[in-house]
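*Asks:* starting from these lines, generate the structure:
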Amino acid sequence: MSYGEWKSPITLEVVTPDSTEISTAAIDRVTGKLFWRSKKPSGQFVICSGENVKTAIEWTPEGFSAVSRVHEYGGGAFFAHNEEIFFVNKSDQRIYRQSAPEADPIPVTADFGDGKMRYAEGHISSFLNMIVCVREDHRVEGKECINSVVAIDLLTGDQHVLAEGADFYKGIDTCGNKIVFVSWNHPNMPWDETQISIGEMFLEGKVASTTNVKIVHTGASHLQTRFINEDQYLYLCDRTDFWNVWKSSNEERPLYKSSNEPGFPFGWCFGYPGYDIMSDGIVIGAKAKDGLENLLLVDRDDPQRVLKDLGLLVRNKGYSFGTYTNILCYGKYVYALGIDDPANPLTLLRISLTDDSVFIYNDEAAGKDLLPYISFAESVEFPTTDKDMNAYGFLYRPKNPDYTPGEQEKPPLLLRVHGGPTGMASRSLNMKTQYFTSRGFAVFDVDYRGSSGYGRAFRQALYGKWGVYDIEDAISAAQHLVSQGIVDGNRLTIDGGSAGGYTTMAMMVFKKFFHAGVSYYGVSDLLGLAKHTHKFESQYLTKMIGKLPEEEAIYKARSPLCHASQLRCPIGFFQGSEDFVCPPPQSQELYNAALENGVATFYVEYEGEGHGFRQAKNIQRCVSNEIYFYSKIFGFKLFDETENPPPIKNLSDKS
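*Replies:* Residues are numbered from 1 along each chain as shown. A predicted model of the protein is given here:
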């Protein structure tokens with residue numbers, strides 16, 4: 001059988017298994033109890049506790065879902081304190097508290113209607129005995145929302161502003177009456193330039209406020225503050241090119257200098273700490289440039305001294321995580337989320353410093369029975385149009401032990417473009433990728449110039465060049481794979497979501513290099529995106545493309561929709577009806593242009609989905625419909641029958 005026609009045990013049900021997927025974790029700093037948030041196949045996000053995922057106790061009842069919409073991307077939607085959990089509910093964005101799994105959630109904040117007041121990244125200040133968190137106020141229609149740091153009374157729900165005036169806030173921590181936080185202003189994004197402020201909290205009656213607030217760090221990207229004590233705190237900073245952990249009392253150099261950045265792309269979501277503090281050390285998680293592990297316990301007083309390589313303990317258990325994030329420490333235990341393991345999904349683990357044991361909470365989810373069909377990621381470095389800067393990616397070759405391909409045939413390529421555009425590819429086990437590779441596709445996840453994880457200089461290479469370097473590097477990656485004899489140069493496909501969807505659309509309009517593409521909730525009109533997107537990204541493009549209105553011509557020159565008459569390559573579109581980041585018209589209008597141009601195309605819009613699909617049934621449909629589309633373009637016969645495929649318009653006239 002030819003590539004693409006193989007039968008595979010990696011079915012659509014395997015792509016979205018009938019089980020929960022861990023997304024984040026939090027520790028109760030009073031009791032040491034661990035909680036985690038999981039996504040159910042229905043799309044509901046629930047808070048869980050227990051000994052492992054298989055026997056987990058769900059706290060979140062039907063009708064609730066722990067999702068924050070601050071910055072639209074959310075994160076930091078729950079925390080635990082003294083045997084209670086506090087979470088932001090998706091539908092109304094109110095904070096609720098819950099004392100036990102069987103107890104009803106009780107609202108802490110008032111109902112301002114339609115999620116107009118949103119919250120994220122909360123914790124209990126022992127000094128105030130209040131929730132301290134980020135608040136995003138959407139009550140004034142037609143105006144930009146207002147972000148601030150607030151304290152919320154646990155009994156009355158009264159809210160007291162602790163910091164305001166900046167466009168954005170995050171990275172809040174308190175210790176005694178001290179508060180430290182990160183803020184930034186347009187046109188910066190949090191990975192461009194932020195500042196750290198420190199101040200004192202006080203109570204006058206029942207009113208909380210702050211005094212002596214001063215800016216203490218500027219001129220780089222500062223993130224994730226954490227107090228050691230009332231006089232010292234730690235933070236992440238990239239002034240040495242890579243994000244490293246710094247100490248407030250030592251501005252000469254980072255605590256532990258490394259080119260392995262803690263965590264994964266910072267700034268998009270709240271939470272996911274890249275380090276945490278123990279009584280005698282600091283635990284730092286990282287992603288290495290070459291995908292190698294890095295989870296270290298370093299000495300507090302001499303941080304260049306590594307006390308223990310915790311990643312080695314995990315490797316000895318048979319796991320190969322390229323990235324550790326969501327680092328949490330309590331007593332002699334270290335908790336972390338391990339990602340970027342080609343044989344395992346995102347994994348919640350616990351390491352005991354007493355006996356060096358490693359416990360995996362979701363070991364049952366690893367899908368080890370399918371290992372013979374799993375294609376492992378290969379790190380690839382390839383040249384770009386800039387002779388002084390290469391780009392990177394992960395290659396997944398076709399793999400299925402039941403088939404032996406012909407010696408002369410090469411597999412079709414699916415090149416995947418991450419979002420952001422300053423996001424990054426991951427080598428974590430992704431069953432959507434394995435669905436393709438086990439049927440005969442090669443898949444390549446590209447990290448073009450501008451991706452995170454390779455330092456500040458690499459990330460900022462995309463300044464002014466979005467719509468140029470991402471496209472060039474996608475082509476260079478495919479050319480590299482063709483030149484190496486790895487893929488078929490006549491069957492090249494591309495897909496991507498959000499910013500990756502833009503690159504896909506732009507590729508189909510401007511370059512005609514790839515033979516088919518699929519956009520997931522992508523961008524076709526850059527001017528429209530700049531003028532109508534949400535606050536968090538409203539000036540993102542100022543650095544990625546240029547300042548408006550001065551550079552309006554560049555926006556138009558790089559917008560696929562402005563050149564829709566040039567669209568001649570087959571392209572499909574998946575879109576969520578409730579996407580407020582890239583609204584449906586961004587996809588609909590280019591789809592209409594494809595129809596008019598006689599280009600093979602389809603359009604599917606999922607009711608109730610937002611920016612990134614969460615319902616298992618819709619994710620399954622996307623995967624099956626995408627490979628179905630390619631089978632019709634290239635003329636191969638899928639082994640699996642596609643259920644209710646989308647009508648492909650202009651198929652007989654495809655170019």
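
*Asks:* show me how far the helix or strand harbouring Cys237 is from its chain's centre.
*Replies:* Taking DSSP states H and E as the definition, Cys237 sits inside strand 232-240. Distance of strand 232-240 from the chain centroid (CA atoms, centre = their mean, to the nearest Å) equals 22 Å.

*Asks:* so what are the sheet partners of it and their directions?
*Replies:* Looking at strand 232-240 with DSSP bridges, its partner strands are strand 222-229 (antiparallel), strand 242-247 (antiparallel).

*Asks:* worst average pLDDT in those strands?
*Replies:* When the strands paired with strand 232-240 are ranked by mean pLDDT, strand 242-247 comes last with a mean of 90.

*Asks:* now do the buried residues in it.
*Replies:* Buried residues in strand 242-247, defined by neighbour count with 16 or more other CB atoms under 10 Å: Phe242, Trp243, Asn244, Val245, Trp246, Lys247. The C-beta positions use only the backbone N, C-alpha and C, and glycine is treated the same way.

*Asks:* and Ala477, what pLDDT?
*Replies:* pLDDT recorded at Ala477 is 98.

*Asks:* host element of it?
*Replies:* Using DSSP H and E, Ala477 sits within helix 469-483.

*Asks:* which strands or helices does that helix pack on?
*Replies:* strand 378-382, strand 391-396, strand 413-417, strand 442-447, strand 492-497, helix 499-506 (3 or more CB pairs under 8 Å, 6 or more residues apart in numbering; DSSP states H and E).

*Asks:* now Tyr606: how far from Val468?
*Replies:* For Tyr606, the distance to Val468 equals 31 Å [CB to CB, to the nearest Å].

*Asks:* those two: which has the busier surroundings?
*Replies:* The neighbour comparison of Tyr606 against Val468 (other CB atoms under 10 Å) goes to Tyr606, with 21 against 17.

*Asks:* OK, contacts around that one?
*Replies:* Counting by CB atoms under 8 Å, 6 or more residues apart in numbering, Tyr606 touches Phe574, Gln575, Gly576, Ser577, Phe613, Gln615, Asn618, Arg621.

*Asks:* now do the same contact list for the fifth one.
*Replies:* This means Phe613. Tyr520, Phe574, Gly576, Tyr606, Ile619, Cys622.

*Asks:* try it again with 7 Å
*Replies:* Going by CB atoms under 7 Å, 6 or more residues apart in numbering, Phe613 touches Gly576, Tyr606, Ile619, Cys622.

*Asks:* what does stretch 103-121 rub up against?
*Replies:* Contacts with stretch 103-121, where a contact means CB under 7 Å, 6+ apart, come from 64, 68-70, 74-77, 86, 88, 92-98, 131, 133-139, 152, 154, 157, 170, 172, 270-271.

*Asks:* same thing but 6 Å
*Replies:* 64, 68-70, 76, 88, 92-98, 133-139, 157, 270 (CB atoms under 6 Å, 6 or more residues apart in numbering).

*Asks:* I'd like to know which of these are buried.
*Replies:* By 16+ other CB under 10 Å, those give 64, 68-70, 76, 88, 92-98, 133-138, 270 as buried.

*Asks:* endpoints of stretch 514-534, how far apart?
*Replies:* With CA to CA, to the nearest Å as the measure, stretch 514-534 spans 31 Å from end to end.

*Asks:* so which bits of the strand holding Cys237 are buried?
*Replies:* Using 16+ other CB under 10 Å as the test for burial, strand 232-240 gives Tyr233, Leu234, Tyr235, Leu236, Cys237, Asp238, Arg239, Thr240.
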